[in-house]
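Engineer: any chance you can model this:
(chains A and B)
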Protein chains: 2
Amino acid sequence: MFGFTVTKKCPVTGARLGSLSTAHGVFATPVFMPVGTQATVKTLAPDELYEIGATIILANTYHLYLRPGPDIVRKAGGLHNFMNYRRGILTDSGGFQVFSLAPLRKITDDGVKFSSHIDGSTHFLTPEKVISVQEDLGGDIIMCFDECSPYPCRYEDARRAVERTSRWAARCREAHTRGDQALFGIVQGNVFADLRRESARALREIGFPGYAIGGLSVGEPKAEMYRILEVMNEELPANRPRYLMGVGTPEDLVEGVRRGVDMFDCVMPTRLARHGTAYTRKGKVVVRNAQYREDFAPLDEDCQCYVCRNYTRAYLRHLIKAGELLGLRLLSYHNIYFLVKLMENIRSAIQEDRFPDFCRAFRAAYSGSY
Amino acid sequence: MFGFTVTKKCPVTGARLGSLSTAHGVFATPVFMPVGTQATVKTLAPDELYEIGATIILANTYHLYLRPGPDIVRKAGGLHNFMNYRRGILTDSGGFQVFSLAPLRKITDDGVKFSSHIDGSTHFLTPEKVISVQEDLGGDIIMCFDECSPYPCRYEDARRAVERTSRWAARCREAHTRGDQALFGIVQGNVFADLRRESARALREIGFPGYAIGGLSVGEPKAEMYRILEVMNEELPANRPRYLMGVGTPEDLVEGVRRGVDMFDCVMPTRLARHGTAYTRKGKVVVRNAQYREDFAPLDEDCQCYVCRNYTRAYLRHLIKAGELLGLRLLSYHNIYFLVKLMENIRSAIQEDRFPDFCRAFRAAYSGSY
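Structural biologist: Numbering: from 1, shown residues only, chains lettered A, B, ... in the order given. Got it, this is the predicted structure:
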């Protein structure tokens, strides 16, 4: 059911054009996956995601495990039915959230004991349990349970996390039963190139239909992240999709694609919306600022999205200032559209052998605001 | 531009079928107007209101006067352009909000001095100013500034409010200049039948293209409200639309129509949504309750709305419990659809001379939950 083909490579950079086949459709890569943490891409309905052109979205295993619980989702017939989303769904492993959100966590080789950030109840997640939960959730792509080391991190600690991640990956592979789901391995190793190589090799040895690059964009300098991506571009098998987890900004998407990444996800577009900020081709616009009070132009004059065709900055600013949820919704729509469209433009540029030019033009236009 | 025709009357009750012409379309009455307090019907986009079948909506002058301010809305080309809503818009007078929301208000015959509930700034609204603000906002129907007495209220105080409301109505009529807007008078008089009659007669003498019934549903028993509506049905001119302000529940809409009311507005459908509650043909459902945890049926099995065709109670409950705005949005959609559809069914019943039967069937089905 699952498949991946690289259909074209940029002759200059590491950028790849590809095609990802899942149980819920065939999707072009490089792709940005909007994040639907709690079985909903915040404020948006599935129809809007279709309209935006989103294909595969991400849902968070940690959150859904705690609420509503995998039993409810399984009884609903899986996430696709539960949330009424008919395209691709990828669930993460919950590893990152257990390490970043849950208080009182205790990690052993067996698994992670932690308290729920919702009600304080105690839980124990093992690699086997995480696979079972993800089988209940029913995503098209699921992830191995991994240990994500923080930044900064001592070499020895990062190495231990890599080794544990490799052992857990083997257990996940063993536990996984559903043939209609693709299980990806997650490379760890922090900013240490040799650990990253070691992690990638260990996972390749187990063998996965796709590989995620975890533990980046956790506070390290951009240059460190790009350096590690270059290492990954060498180590990961060319015929498998590479997914850079939790990344990122428009610039990071472009830089990731240049280094051979095929899939991305990030909460940024909806989070920025909550802060009254919009992506535009010329950089970010803080639409809640007073300067937009009487600005009756669209958010981004180059944008053809529903929001830019129908609403002004002045109205969006009013909604945000007044605490109206429609404001959040419209900014979320626009921001996700911006990233989905960016990936579409990236794909066209690769297809037409003008990706390096595209990158230069993108940076020149966008760099104003960062 | 503005016009109203009663096209049919129920031979048994006071119910009327009518047609309301405005600068933004012709709308069938009786009609429920969703409330868009701050130039947005909470969580919903205009396209969804069209899809629901909403025709004319209400926006609050008090809120829009304070934020974003009438100058911004005027520069945007009026509310229709500002919020991108292409059907009818009615603005209220702000009177009710000044009396219920603003701290430190001081009422004289000249007008009302009050502090903004947003930033404490001092404002002075006169009948002339309220008309000027509403002309800036550009609604199709606008309201006279009125003094709404509280419940309970002494007869003498209610009488003074009626007299002031009559004097203010004459000043509003005088101040109003825009020919594309219809200015309605507002009847006050609390629960005192003779004051209501006096108020209605004073307004009729000034002469308005439509009459609103204000100061009801402010805490008085239902029987009191229905009694006053019967008085109003006798006093208000038969060839002018009657608008019952701030009402109400599904039952109140039916009872209002029985007593000759043509227009209604109420924040209830979106407010209930915020509390995780949905209207159904069989009464209200508190979908956040644990009993719906594994209920994979739609909110209302008799409902054909977008929400009931696409989502389950279990999913909606999950969204509400998880604090996801999509939950609020979907419940708001369904609840507004419910009331808009109720009015549509009421109109069909009047048209087909079966309104009394409709009322009996509605009450029998709906009465379970109140």
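Engineer: count of neighbours near the closest residue to chain B within the stretch 101-250 of chain A?
Structural biologist: Here the residue of the stretch 101-250 of chain A nearest chain B is A:I118; by C-beta to the nearest C-beta that distance is 9.0 Å. (C-beta placed from N, C-alpha, C; glycine too.) By other C-beta atoms under 10 Å in any protein chain shown, 13 other residues sit near A:I118.
Engineer: ok, for it, nearest residue in space, not its chain neighbours?
Structural biologist: A:L66 (5.6 Å; C-beta to C-beta, 6 or more residues apart in numbering or on different chains).
Engineer: how close does the one you found get to A:I57?
Structural biologist: 19 Å (C-beta to C-beta, to the nearest Å).
Engineer: between these two, which one's more packed in?
Structural biologist: Using other C-beta under 10 Å as the criterion, A:L66 and A:I57 rank with A:I57 on top: 26 against 22.
Engineer: quick one: the residue nearest to A:I118 from B:G36, how far?
Structural biologist: Taken as C-beta to C-beta, the span from A:L66 to B:G36 is 36 Å.
Engineer: please apply the same query to A:A322.
Structural biologist: 11 Å.
Engineer: which of the two has more residues huddled nearby?
Structural biologist: B:G36 (29 against 19).
Engineer: A:Y243 in helix, strand or coil?
Structural biologist: strand (DSSP: H, G, I helix; E, B strand; the rest coil).
Engineer: spatially nearest residue to it, not counting backbone neighbours?
Structural biologist: Leaving out its chain neighbours, the residue that sits closest to A:Y243 by C-beta to C-beta, 6+ apart is A:M263, at 3.8 Å.
Engineer: the one you found pairs with what?
Structural biologist: A:V31, A:Y243 (DSSP bridges).
Engineer: burial count for it?
Structural biologist: Based on other C-beta under 10 Å, the number of other residues close to A:M263 is 29.
Engineer: tell me, how many residues neighbour the one residue in the stretch 51-200 of chain A that gets nearest to chain B?
Structural biologist: Nearest residue of the stretch 51-200 of chain A to chain B, counting by C-beta to the nearest C-beta: A:P68, 4.4 Å away. Look at A:P68: counted by other C-beta under 10 Å, it has 24 neighbours.
Engineer: go ahead and confirm A:E48 touches A:Y333.
Structural biologist: Yes: with contact defined as C-beta atoms under 8 Å, A:E48 reaches A:Y333; the gap is 6.1 Å.
Engineer: what's near enough to touch A:A200?
Structural biologist: A:187, A:211, A:232, A:235-236 (C-beta atoms under 8 Å, 6 or more residues apart in numbering or on different chains).
Engineer: so which of those residues wins on neighbours?
Structural biologist: A:V187 leads those on contacts (other C-beta under 10 Å) with 34 neighbours.
Engineer: pull the longest helix from chain A.
Structural biologist: helix A:325-351 (DSSP state H).
Engineer: state the mean pLDDT of the next helix-or-strand element following that one.
Structural biologist: Next helix or strand after helix A:325-351 toward the C-terminus (DSSP states H and E): helix A:355-366. The average pLDDT within helix A:355-366 is 96.
Engineer: buried sites along helix A:355-366?
Structural biologist: A:355, A:358-359, A:362, A:366 (16 or more other C-beta atoms under 10 Å in any protein chain shown).
Engineer: and those, which is closest to A:I131?
Structural biologist: The nearest member of the buried residues of helix A:355-366 to A:I131, counting by C-beta to C-beta, is A:F355 at 36.8 Å.
Engineer: tell me which helix or strand the residue positioned nearest the centre of chain A sits in.
Structural biologist: Closest residue to the average C-alpha location of chain A: A:D265 at 1.6 Å, with C-alpha atoms, centre = their mean. In this structure, A:D265 sits in strand A:263-266 according to DSSP H and E.
Engineer: list the contacts of that strand.
Structural biologist: A:20, A:29-35, A:56, A:58, A:90, A:241-249, A:252-253, A:256, A:339, A:343.
Engineer: what's the answer for stretch A:322-331, then?
Structural biologist: So stretch A:322-331 is in contact with A:42-44, A:272-274, A:276-278, A:287, A:299, A:307, A:311, A:316, A:318-320, B:38, B:40, B:42-45, B:63, B:67-68, B:325, B:328-329, going by C-beta under 8 Å, 6+ apart.
Engineer: packing partners for the helix or strand hosting A:E251?
Structural biologist: Using DSSP H and E, A:E251 maps to helix A:250-258. Where contact means 3 or more C-beta pairs under 8 Å, 6 or more residues apart in numbering or on different chains; DSSP states H and E, helix A:250-258 is packed against helix A:222-235, strand A:263-266, helix A:325-351, helix A:355-366.
Engineer: return the most buried member of these.
Structural biologist: strand A:263-266 (a mean of 24; mean count of other C-beta atoms under 10 Å in any protein chain shown).
Engineer: which parts of the helix or strand of chain A with the lowest mean pLDDT are buried?
Structural biologist: Every helix and strand of chain A was ranked by mean pLDDT, DSSP states H and E. The lowest is helix A:95-100, at a mean of 87. Using 16+ other C-beta under 10 Å as the test for burial, helix A:95-100 gives A:95-99.
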